[in-house]
Every structure is written in structure tokens, then in C-alpha cells.
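1. here are the coordinates; sequence isn't available:
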Ligand code: SF4
Ligand code: SF4
């Protein structure tokens, strides 16, 4: 174990989470309706909320006001993201871990867990399977272990990008791995990563200490809190934050996430690209108190409040959640989901219909195929998107551009969503999904008002249907 003094931090690293202040905000009297509506109006003008304003939404107790918050989140989502949902898949590379997080099946004291690190040949096999199902965006997931060094992560990324099967290719690789030092992030940046995710898990100091034994590397609260500041200082301006809901009061964690987003925005001029809000799930050998488990109703509220608090930040809802919850929550602000997910090591080729708890980090709630999930999205009126255009064209700060530049969604996001959706329909979809998707595409194209853009898009869609041309983006 390294002591904190030997772990390097970002310049001016600071613990910006003041537990006493956040608890005080949550103990405040219920705000009156006018105050809540002012905060909602600010958010609807696409301005990020302060921690105090977010607490106002959390403290709104009147059922009608809570409905107004949900309605505002729906509206903001439509305004900022349109009806697109971006799809990705996680690929677990290795589950060795030096940490002992109480909520995780991969923790080192769990002797029953089957430990495995995929070889490069095995990574290739998994990526081929994912490409053959139609995936274009992956997130690679690693435990925390010396063998998963920055160089190892870079090699894995190169392997993923090198796999091409038919029209299949991975166009964006995101990373969920241990916090790095600045030099490590710098090396990973060179390997063409998309987003680097580090979740704080819980922002509440005492809970953090209880969940992460102090003699483990993850036991250093500040080192982890500072992880994405170091990433920024190494040039990775695309980072993802997250909290594991169910360890402590969801209201506190929501404020912690907002404080973190604001800290990154203030210090580096760019907030996080994404926020994740997984709920604790059953996991092999894990026995947590259910005191802070989040009900479905509270979960819906927290997603809506996050949507309003960080209007320009992507919200990720994963397959931890069961299909019905996922379906309902999409409307309240979620912009990215995974689909066709398996999280056993090697699971995309080796797992059967049932999940194997000794081989995965937690139990999934949704193991439907990508095709099934995509069809449901289409039926519900969403455009499934595999777009990776901005990142590859060097249009950085994409989330900010969506928010800041009028017409960006119409000019770029929607056409790219339609062309990547069509690639999926032509190359991988079941007949039923293709039929539903073609109808949706026709309806969405008909809505486009920009005639030259519409003509160009129609030509691209024709080429995707009739030729081998792919990856046509604006
Ligand atoms: Fe290791 Fe991550 Fe699991 Fe903690 S949550 S034990 S760091 S894999
Ligand atoms: Fe994201 Fe850019 Fe594609 Fe829009 S065009 S979906 S901002 S990558």
C-alpha cells in the first residue's frame, strides 16, 4: 500500500466535498413553490445548477412540484439531446484487484471469485463477437492491480481497434480503470481513448472509509476524488464521474456528483462528459445493509434532478437495471445505455443464458440482446445511435457543443444517429427490427428541414443500403 504522501495528486488538489455543508443543505426547510420553479426555469435555460439549487430540487416535497421536476427533465432531455440514445457495451478485461471494496465481488478477500485476465487473443475473440452483433462503442473495464498498468491498458486499446470483421469495427474505446498518475494518463491519452471513467462510489467520507479499508489503495479518498483532475492535467478532457447508489443517502450522493461536476468545470473549463449512477446490485459474497438502497421512485427523482442539474452532461444508465426501469427512465434524461451486455470475463462467447455470479462483478438486471433492446427503443420512438463523429473529427467538448451551438443536433447528431442506426439495421438486425427501424428512419428524415442536408443524408442512406460504404458521418 502506498501512503497518500507518495501518491501524486493534481496541482492544487483539494477535497471539495464538505460533508457538513451538504448535510446542512439537506436538512433545510422545504422550499416554497416559487423557489423550486425558479430553479427549474434556470435549468430549462440550459444553465448548470449550483449544489444549493440542486438541494432545492431534492428538498421539494409537494407531489405536484415533484411532477413538475419530472416534466422539466423530460423537456430538457428532448431539447438538449433530441430523441437519440447512444448505445455501447462493456468489455471486462481483468478482475484481479488489490482492493477490498465491501460491495464488490472482485474484492481481493472474495476467494470464491474466479480470477481471470483476458489475453490479447481472448480480447480479439470478444471484440469479434461484439462487432458481429453490431457494436461500435466499447468501454473496457479493469480491476485495480499492478498488472493493469497504463501500458497494459494502452495495449488492450490497440488490440480492440485492430479487430475488424466484415463491416464491424470498434470506433470508440472508453475506459473504466483505476486512477492513474499524470504520466499514466498521458500514455493512455495517446492510445486514442474516448472517455476515462473513475467513480467515487460514495462522496460521504465516513461511508467511503467504511467501504474501502484504509490499508488498501482505494482507501485514499482524496487520491480517488482527484483522479479525474489528474486526467485533465494530462490532457484527457473527456472524463466520466459516477456514484454507486445504495451505500449512503442518495440525496447526499447526488449533491456530491454535482459538486464534482462543478469542480471540474471551474478548474478545467470542461465538466464531465458523463455521469453514471449505478444502484447497488446483488453480487457473489456481498452482504450489504439495505438501509440506503434506493427505491424505484427515488431513483426516478434522482435521475430527473441530475438531468436538470447538469444539462449538458451525458447520463448513463446501465444494464444493472431491469428492462422496465430502463424503459421508464430513458424519458427523464438518460442519453446513453449499454445493451446486449455480459460482464462475465469472456462472457460474450462463453456465457449461456444464465448469469454466472462467480465470474461477474454483480448481477445484471437486463441481459436482453442488442437487437431486442434496439427494437424496443425504436418502437418507443428513440433513434438508436452508434455515432462517434465528433471525437474522431477532433470536435472536442462535444457535449458542450451540443448544448452551446444552436442547431448542432439537427446538423450533426440526428443525421449521424440515423446513418449509424441504418448500418446496424442493414448489417446486423433481425427482420423485425429492420422493418421497425426503416419506418423510424423514414419518419425522422421527413422531419429534417434543411434541404441540402436532407439530400446528402438520403444519398448516404442509399449508399449504406446498396453498397459496402460505411462510416459516413457529418
Ligand atoms: Fe476492485 Fe473496483 Fe471491485 Fe473495488 S470496486 S474491489 S477497486 S474491482
Ligand atoms: Fe455526439 Fe458529436 Fe455524434 Fe452528436 S455528432 S452524437 S455530439 S459524437
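-> Received the coordinates, thanks. It should be emphasised that the depicted structure is a prediction, and the values quoted were computed from it without experimental measurement. Ligands and ions are numbered 1, 2, ... in the order given.
2. how about the residue in the stretch 151-300 of the chain positioned nearest to ligand 2, what does it touch?
-> Per Cβ to the nearest ligand atom, residue 172 is where the stretch 151-300 of the chain lies closest to ligand 2, at 8.6 Å. The C-beta positions use only the backbone N, C-alpha and C, and glycine is treated the same way. By Cβ atoms under 8 Å, 6 or more residues apart in numbering, the contact list for residue 172 reads 136-138, 194, 388, 391-392.
3. and the closest residue to residue 415 other than its chain neighbours, how many neighbours?
-> Take residue 415 and drop its neighbours on the chain: the residue closest to it by Cβ to Cβ, 6 or more residues apart in numbering is residue 457, 4.8 Å away. Per other Cβ atoms under 10 Å, the neighbour tally for residue 457 reads 23.
4. just checking, residue 133 touches residue 372?
-> No. Counting by Cβ atoms under 8 Å, residue 133 sits too far from residue 372 to count as a contact (11.2 Å).
5. top strand in this protein by residue count?
-> Secondary structure assigned by DSSP state E gives strand 84-94 as the longest strand of the chain.
6. buried residues, whichever helix or strand comes after that strand. List them.
-> Once strand 84-94 ends, the next helix or strand along the chain (criterion: DSSP states H and E) is helix 120-133. For helix 120-133, a neighbour-count test (16 or more other Cβ atoms under 10 Å) marks 122-131, 133 as buried.
7. residue 302 should be in a helix, yeah?
-> Yes. Residue 302: assigned to a helix according to DSSP: H, G, I helix; E, B strand; the rest coil.
8. okay, it: pLDDT?
-> Per-residue pLDDT puts residue 302 at 97.
9. right, and it touches residue 279 too?
-> No. The criterion here is Cβ under 8 Å, and residue 302 misses it with residue 279 at 9.7 Å.
10. contact residues of the stretch 301-450 of the chain facing ligand 2?
-> Within reach of ligand 2 by Cβ under 6 Å from any ligand atom, the stretch 301-450 of the chain has these residues: 385, 387-390, 398, 402, 412-413, 416.
11. ok, these vs ligand 1, which is closest?
-> Nearest to ligand 1 out of these is residue 388 (Cβ to the nearest ligand atom; 26.5 Å).
12. ok, the closest one to residue 410 distance?
-> Per Cβ to Cβ, to the nearest Å, residue 388 is found 19 Å from residue 410.
13. give me the residue from the stretch 201-350 of the chain nearest ligand 1.
-> For the stretch 201-350 of the chain, Cβ to the nearest ligand atom, closest residue to ligand 1: residue 218, 5.2 Å.
14. could you say which helix or strand contains residue 213?
-> Using DSSP H and E, no helix or strand contains residue 213.
15. how about the nearest residue to it, chain neighbours excluded?
-> Using Cβ to Cβ, 6+ apart, the closest residue to residue 213 is residue 100 (5.1 Å).
16. quick one: contacts for that neighbour?
-> The contact partners of residue 100, by Cβ under 8 Å, 6+ apart, come to 107-109, 212-213, 216.
17. and with 10 Å instead?
-> 106-110, 211-213, 215-219 (Cβ atoms under 10 Å, 6 or more residues apart in numbering).
18. save the residues you listed as a markdown table, and put in pLDDT too.
-> Listed next are those as a markdown table, based on pLDDT from 0 to 100:
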| residue | pLDDT |
| --- | --- |
| 106 | 94 |
| 107 | 95 |
| 108 | 96 |
| 109 | 95 |
| 110 | 93 |
| 211 | 97 |
| 212 | 98 |
| 213 | 95 |
| 215 | 92 |
| 216 | 94 |
| 217 | 93 |
| 218 | 97 |
| 219 | 97 |
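19. which of the residues you listed are buried?
-> Among these, those classed as buried by 16+ other Cβ under 10 Å are 106-108, 110, 211-213, 216-219.
20. which one of those residues is nearest residue 227?
-> residue 218 (10.5 Å; Cβ to Cβ).
21. using the three-state scheme, assign that closest one.
-> helix.
22. for it, what are its contacts?
-> By Cβ under 10 Å, 6+ apart, residue 218 lies in contact with 97-101, 104, 107, 144, 178-179, 201, 208, 211-212, 224.
23. quick check: the nearest residue to residue 134 once chain neighbours are set aside vs ligand 1, distance?
-> Leaving out its chain neighbours, the residue that sits closest to residue 134 by Cβ to Cβ, 6+ apart is residue 428, at 3.6 Å. As defined by Cβ to the nearest ligand atom, to the nearest Å, residue 428 lies at a distance of 31 Å from ligand 1.
24. please apply the same query to residue 357.
-> 14 Å.
25. thought residue 75 was touching residue 44?
-> Yes. At 6.6 Å, residue 75 and residue 44 qualify as touching, with contact defined as Cβ atoms under 10 Å.
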